[in-house]
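Turn this into a model:
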Amino acid sequence: MKGQREAAKAGFPPSAWTVTAALAATLLAALPAQAQPVTPAWRATAEQVAQAGVPLSELAPNAPDTYTVKSGDTLWAISRVFLLSPWRWPELWGMNMEEVRNPHRIYPGQQLVLEKIGGRARLRVQQAQGGDVPTVRVSPRVRVSAVGDGALPTLAPHLIEPFLAEPIIVDGGVLDRAPRIVAAPDNRVLITRGDRIYARASDGAPMADRATGPAEEFRVFRNAKPLRDPISKTVLGYEAEYLGKAQMVRGEGTETVKTGRDEGKVTAVPATLDVVSARSEMRVGDRLLPEPGRQLVSYTPRAPQGPVDGGMVVSMYGDSVALAGQNQVVVINKGTADGMEAGHVLAIQKAGATIIDRSQPGERTEVKLPNERNGLMMVFRPFERLSYALILETNEGVKVGDRVISPR
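This next block holds a predicted model:
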């Protein structure tokens, strides 16, 4: 096959290629299509470097010849074990994408072998011991597997899982048209977990028609604040403050109410919901949006294909701090319209200070010091013009207005 011929030219042992391709084919058969997020750009990169690998100069000083994947490992941590620049993982693990469509899926118990040939390095799965590798024939039939298939996550799941559903970027007016809380029992002002609430649609569409999934859950939001580009001041989107979740008990309806001598008039009856989780206290007027289906998020840390121009930090999630540190979430002014994808790693730059040059007697010249690198972040939830990113590492903390660029 084409992939095998290219691998042979690059010094890849045929048996190593066979075991890896067979392993990947077996795994892919058990995965739904949405769990195989391979973009055209990443596919092109992987095909380009399938024969090349990465220069030996890109290896970490103590990169091991072999590494056995352990439970609790993350893709980013293993990338750090082998590489000075962990976003180059797809290049180290590059393969022919016609044969292996998702090469970043590795599992506890596998042994990774670092091969160094002709001044370049590549990574492969250790060949099975004890004879020839059997051919794996995959037939088109239905397979049932758990959502969690045991593959290593890119990062420790607890760092980003809450943010995959909590923060949301919306267009102007979306929350104004969303259903709203109209009352709570006993005229309660502050509402929290375990309380019952009543809500009505704001645009005439019944709430029951909006709910997704069997649980009919809704997320509760408040205050869609504008997020502006730090330079142009253009509104790029609105970030809604996440408050918690509520589950529908009864949908909206109507009831005929008799008053005095009147035969009665038809009166709206709000929907009934129970608050099942609360991050902050809710109140009348807060808005509800349907709970989205759980996403199968899988990505590889990698550099964007092209340069990132004009990237800046727009906001700290929650506005709780002036400086964001490691494992905190920020919003940047680049989104899918700019080519951002989940897994893109960006370098953070601290803006150089503007000072007066007093080094020459009698002269006072204003100069701006160069921007200095101040860490790395990874995009994990892109929207059209904005993206949420997790700070992977930083030297001095990250603030609004700091620049983000390609890490290369």
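
Now do stretch 245-265: everything it contacts.
With CB atoms under 8 Å, 6 or more residues apart in numbering as the test, stretch 245-265 has contacts from 196-197, 199-201, 206-208, 211, 215-220, 266-277, 288, 291. (C-beta placed from N, C-alpha, C; glycine too.)

Report the rounded mean pLDDT for that stretch.
If you average the pLDDT over stretch 245-265, you get 77.

pLDDT below threshold where in this protein?
1-51, 94-105, 127-152, 157-158, 161-165, 167, 203-215, 259-264, 293-299, 318-321 (pLDDT under 70).

pull the longest strand from it.
Longest strand in the chain, counting residues (DSSP state E): strand 235-250.

Walk me through which strands it pairs with, and which way each runs.
strand 168-170 (antiparallel), strand 217-228 (antiparallel), strand 271-278 (antiparallel) (DSSP bridges).

Report the buried residues of that strand.
236-246, 248 (16 or more other CB atoms under 10 Å).

Distance to Pro90 for these - can I get that in TSV?
Shown next, in TSV, are those (distance: CB to CB, whole Å):
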residue	distance to Pro90
Leu236	29
Gly237	29
Tyr238	34
Glu239	31
Ala240	34
Glu241	36
Tyr242	33
Leu243	38
Gly244	38
Lys245	36
Ala246	41
Met248	43
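
Can you pick out the most distant pair from those?
Spanning the widest gap among the buried residues of strand 235-250 are Leu236 and Met248, at 32.5 Å by CB to CB.

right, and out of the buried residues of strand 235-250, which lies closest to Ala303?
Leu236 (23.1 Å).

wait, what's in contact with that closest one?
227-229, 314, 333, 335, 385-386.

Rebuild these as CSV, extending it with distance to Phe82 and secondary structure.
Output for the contacts of Leu236, formatted as CSV (distance: CB to CB, whole Å; DSSP: H, G, I helix; E, B strand; the rest coil):
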residue, distance to Phe82, secondary structure
Leu227, 37, strand
Arg228, 40, strand
Asp229, 37, coil
Val314, 33, strand
Asn333, 32, coil
Gly335, 31, coil
Arg385, 35, coil
Leu386, 32, coil
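
Nearest to Met282, out of those residues: which one, please.
Leu227 (22.8 Å).

Just to check, the closest one is in contact with Val313?
No: using CB atoms under 8 Å, Leu227 is not in contact with Val313; the gap is 10.9 Å.

Quick check: neighbours shared by these two?
Joint contacts of Leu227 and Val313 (CB under 8 Å, 6+ apart) are Val331.

tell me the domain boundaries of this protein?
Domain segmentation of the chain under automatic domain parsing yields 2-125, 162-290, 311-405.

Filter the contacts of Leu236 down to the buried ones.
227, 314, 333, 335, 385-386.

in the stretch 251-400 of the chain, which spans are strands?
According to DSSP state E, counting those that start in this stretch, the stretch 251-400 of the chain carries its strands in the segments 253-257, 265-269, 271-278, 287-290, 311-316, 329-332, 345-350, 354-357, 365-368, 372-382, 387-394.

Who are the packing partners of the longest one?
To tie it back to what came earlier, the one meant is strand 372-382. helix 157-165, strand 329-332, strand 345-350, strand 387-394 (3 or more CB pairs under 8 Å, 6 or more residues apart in numbering; DSSP states H and E).

Can you lay out these as JSON lines showing distance to Ala183 and mean neighbour count?
JSON lines is the format used below for these (distance: least, CB to CB, whole Å; neighbours: other CB atoms under 10 Å):
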{"stretch": "helix 157-165", "distance to Ala183": "26", "mean neighbour count": "15"}
{"stretch": "strand 329-332", "distance to Ala183": "34", "mean neighbour count": "24"}
{"stretch": "strand 345-350", "distance to Ala183": "45", "mean neighbour count": "23"}
{"stretch": "strand 387-394", "distance to Ala183": "33", "mean neighbour count": "23"}
